[in-house]
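Chemist: Got a sequence here, can you model it:
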Amino acid sequence: MSPLGPFARSEGSAPPPGEIPGLRGAPMRTPVRSAGPSTGPSLWPAIAGRLLTRQLWIELYGLPGYTQTLKGRAAPGFASTPRDFRPVDPAVGAGILAGRITLAGASLDVPPPEDPFNRPSPTRAFAVDLHAFAWLPSLMQEGERGAREAVRLTLAWAQVFARWSPFAWDPDILARRAFNLACAARRMGQVASEAERIRLADILGRQGRQLLRPPGGVATLAERLVAAAVAGCAVAGPAGAGLRRSALRRLPRALDRAVLPDGAHASRSPEAGLELLLDLLTLEDGLGQVSEPTPDAVRAAIGRLDRAVRLNTLPDGRLATFQGGAASSPGRVAAALGETVDGPGAGASGAVGGLVRLRTPLLTVVADAAPPARGPWSSAACAQPLALEILCGKDRLITGCGWTPRAADRQGLRLPPGHSTLTLGEGATGEPLGGWKGDLLGPRLVGRPLHVEVQQRDGEGAVWLEIEHDGWVHDFGLLHQRRLYLDQRLDELRAEERLHPAPGQKEVVRAIAAPYAVRFQLEPGVQASLARDRRSILLRGHSGRGWWFRTDGPDVAIEPSVHIDEGLTRRSLQIVVRGSARTDSETRIRWKLSPAGAGGEPT
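Modeler: Below is the predicted model of the structure:
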């Protein structure tokens with residue numbers, strides 16, 4: 001029986017130009033260059049490799065008797081209970097005991113002792129969470145009754161999906177299932193019969209060994225190896241020891257590729273870094289329970305990731321939302337940082353993974369100042385150069401649409417209109433791979449190489465940040481420069497969007513008028529009121545404090561928008577400044593954000 005049911009068929013005042021008074025020191029210009037996401041002929045090696053191996057593994061793993069190759073030494077039970085530090089929603093487990101499973105915003109009525117795995121799932125996202133055992137941590141909070149139901153559901157899954165299948169045994173789904181099962185298995189074994197306990201250990205061991213085998217993309221290799229090692233910590237005896245040795249032997253190299261020297265995840269998603277940190281903390285805990293030292297490579301990765309998560313944690317306790325990463329929740333972030341976000345990097349200005357953070361006592365500004373990830377790391381990357389996120393106090397006012405891979409059916413939100421940046425014409429600086437190529441390689445981001453240059457200067461009471469990218473040069477011959485001047489004494493941000501011809505482009509590109517739109521996506525719940533001058537907008541966040549957004553753009557409007565939260569769509573608003581830029585001359589759009597009452601109220 002297909003785990004997807006009906007889804008089985010688809011096997012988703014402005015700053016002055018020039019020098020700024022008060023800024024000292026020579027400007028440091030940092031070119032950030034990328035070969036860009038794979039495009040054109042450079043995709044063919046990956047396509048050829050995938051075509052050659054995909055069917056091979058499907059045929060091999062689908063052979064009768066293949067699962068016998070996953071059988072290792074018999075395990076008598078479980079040796080440890082690795083701690084998953086993620087907070088748990090108790091409503092999910094209580095709902096399961098009441099006969100209703102709610103996952104990824106969808107629900108399915110399954111009164112015990114019925115089987116949720118041998119029936120159609122309401123959505124693909126529901127099916128992913130169901131087979132990833134995302135419900136298990138919550139169910140284990142329901143005491144002995146919850147543990148017994150967890151045993152029943154796990155054995156029911158194994159009965160239906162003992163044989164390998166492309167969806168249920170998908171490497172990434174398998175990694176989450178093995179991780180969740182490893183953290184709960186010992187407590188499940190305490191309420192199971194001896195035969196059930198041995199069966200549970202065998203199920204977990206087989207899944208851990210499958211995680212060490214292909215296929216599976218390089219971008220999630222570290223997560224799969226961590227899950228296998230955690231499973232090896234949970235399974236008792238030589239079976240568990242062999243599993244964790246095999247995983248830990250390969251893990252250092254995978255972590256070197258996944259965690260950059262500054263602690264950012266190679267995908268550039270802050271949320272991806274948070275989730276890997278949480279997994280590594282669980283591994284560290286599991287190794288301690290079986291009296292094994294944590295490898296130096298794991299400790300080093302934890303330290304780097306911890307610093308990056310702290311820099312990417314904003315005053316509301318959530319993460320910056322860029323490059324396919326959601327904001328997560330304050331509880332989840334605090335769990336990864338030891339219940340507090342205090343420590344080195346917390347609340348500081350700085351840069352990590354191409355995200356530059358600037359602060360005043362009331363304002364926090366984060367700017368995306370690097371190209372998106374490329375190749376297999378770009379499956380959740382977004383073509384939104386120079387995107388911004390702005391918090392006023394703890395109010396997140398200006399943000400993005402919040403796209404993550406859980407919203408696979410809304411790939412358009414990965415393009416420039418999905419975040420707070422400038423769009424020129426109807427094009428984009430990259431796009432998700434689709435069609436049969438996307439089916440083979442995933443929705444990685446493809447497009448022309450993107451070059452980004454960054455200049456930052458600090459002075460007494462002020463910070464100047466200038467970022468420029470060439471994503472619009474091919475179509476329009478124009479460079480987009482975003483200039484930010486943060487007055488730390490007035491808690492005021494003054495900015496300028498500058499479109500100007502790239503060197504040598506005046507003679508190449510035909511002079512036309514190209515429509516532009518500068519969008520400022522607002523957090524759901526933020527109130528926006530357009531003043532009578534049609535150039536000023538009063539913004540109020542959840543605290544009720546007011547901030548004035550002002551611009552000299554020719555056309556300013558408040559328009560409806562959407563925001564993705566845990567894969568679900570919420571209504572929101574956006575400020576859109578529209579106009580037209582000539583491709584043979586310079587265009588400037590200035591805007592400012594200041595506390596309400598400062599500098600006079602518009603009428």
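Chemist: show me where the stretch 151-300 of the chain has helices.
Modeler: With DSSP state H, counting those that start in this stretch as the definition, the stretch 151-300 of the chain shows helices at residue ranges 171-191, 194-211, 221-234, 237-258, 270-289, 296-312.
Chemist: Mind checking these for the one nearest to residue 459?
Modeler: Of all these, helix 296-312 sits nearest to residue 459, with 21.8 Å by CB to CB. No exception for glycine: its C-beta is placed from N, CA and C like everyone else's.
Chemist: quick one: secondary structure of residue 578?
Modeler: At residue 578 the chain is in strand, as set by DSSP: H, G, I helix; E, B strand; the rest coil.
Chemist: what's it in contact with, if anything?
Modeler: 515-518, 553-557 (CB atoms under 8 Å, 6 or more residues apart in numbering).
Chemist: quick revisit: mean neighbour count, the helices of the stretch 151-300 of the chain: which tops it?
Modeler: Comparing the helices of the stretch 151-300 of the chain by mean neighbour count (mean count of other CB atoms under 10 Å), helix 221-234 ranks first with a mean of 29.
Chemist: Low-confidence ranges, the stretch 251-400 of the chain, go.
Modeler: Within the stretch 251-400 of the chain, the stretches with pLDDT under 70 are 339-348.
Chemist: mind running it again at 90?
Modeler: Scanning the stretch 251-400 of the chain for pLDDT under 90 picks out 338-350.
Chemist: just the stretch 101-250 of the chain next, same as before
Modeler: Within the stretch 101-250 of the chain, the segments meeting pLDDT under 90 span 112-113, 118, 162-166, 214-217.
Chemist: quick one: the strands in the stretch 251-400 of the chain?
Modeler: 350-352, 355-359, 363-368, 388-392, 395-399 (DSSP state E, counting those that start in this stretch).
Chemist: again, but for the stretch 1-150 of the chain
Modeler: Assigned by DSSP E, counting those that start in this stretch, the strands in the stretch 1-150 of the chain fall at 28-33, 100-103, 106-109.
Chemist: Which neighbouring elements make contact with the last one?
Modeler: Just to be clear, that refers to strand 106-109. With contacts taken as 3 or more CB pairs under 8 Å, 6 or more residues apart in numbering; DSSP states H and E, strand 106-109 sits against strand 100-103, helix 124-131.
Chemist: Adding distance to residue 72, write the ones you listed out as JSON lines.
Modeler: Shown next, in JSON lines, are these (distance: least, CB to CB, whole Å):
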{"stretch": "strand 100-103", "distance to residue 72": "31"}
{"stretch": "helix 124-131", "distance to residue 72": "23"}
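Chemist: number of nearby residues for residue 568?
Modeler: When neighbours are defined as other CB atoms under 10 Å, residue 568 has 13 of them.
Chemist: For the nearest residue to it once chain neighbours are set aside, list the residues it contacts.
Modeler: Distances taken as CB to CB, 6 or more residues apart in numbering place residue 105 nearest to residue 568, at 4.5 Å, with adjacent residues excluded. Contacts for residue 105 were tallied using CB under 8 Å, 6+ apart; they are 123, 125, 566-568.
Chemist: Low-confidence stretches in the stretch 451-600 of the chain?
Modeler: Regions of the stretch 451-600 of the chain meeting the criterion pLDDT under 90 cover residues 459-460, 504-512, 566-568, 597-600.
Chemist: which residues in it form helices?
Modeler: Going by DSSP H, counting those that start in this stretch, the stretch 451-600 of the chain shows helices at 473-476.
Chemist: try the stretch 301-450 of the chain
Modeler: 330-336, 435-441.
Chemist: Mind checking which of the contacts of residue 105 are buried?
Modeler: 123, 125, 567 (16 or more other CB atoms under 10 Å).
Chemist: Please identify the deepest-packed of the helices and strands packed on strand 106-109.
Modeler: With a mean of 24, the top stretch among these by mean neighbour count (mean count of other CB under 10 Å) is helix 124-131.
Chemist: now that one and helix 171-191, what's the angle there?
Modeler: 40 degrees (axes from the mean of the first three to the mean of the last three CA atoms, to 10 degrees).
Chemist: Check which helices and strands helix 124-131 is in contact with.
Modeler: Using 3+ CB pairs under 8 Å, 6+ apart, helix 124-131 sits against strand 100-103, strand 106-109, helix 171-191.
Chemist: Contacts for the second one next, please.
Modeler: Contacts with strand 106-109, where a contact means CB under 8 Å, 6+ apart, come from 95, 99-101, 116, 119, 121-123, 125-126.
Chemist: Now the two most distant members of those residues.
Modeler: Within the contacts of strand 106-109, two members stand farthest from each other by CB to CB: 99 and 125, at 20.9 Å.
Chemist: Of the helices and strands packed on strand 106-109, which is nearest residue 323?
Modeler: Across the helices and strands packed on strand 106-109, residue 323 has its closest neighbour in helix 124-131 (20.3 Å, CB to CB).
Chemist: export the closest one as PDB, just CAs?
Modeler: Extracted in PDB, the C-alpha atoms of helix 124-131 (Å, rounded to 0.1, in the frame of the first residue of the first chain):
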ATOM      1  CA  ARG A 124       1.800  14.900   1.200                       C
ATOM      2  CA  ALA A 125       3.200  17.000   4.100                       C
ATOM      3  CA  PHE A 126       1.000  14.900   6.500                       C
ATOM      4  CA  ALA A 127       2.400  11.700   5.000                       C
ATOM      5  CA  VAL A 128       6.000  12.900   5.400                       C
ATOM      6  CA  ASP A 129       5.500  13.700   9.100                       C
ATOM      7  CA  LEU A 130       3.600  10.400   9.600                       C
ATOM      8  CA  HIS A 131       6.400   8.300   8.200                       C
END
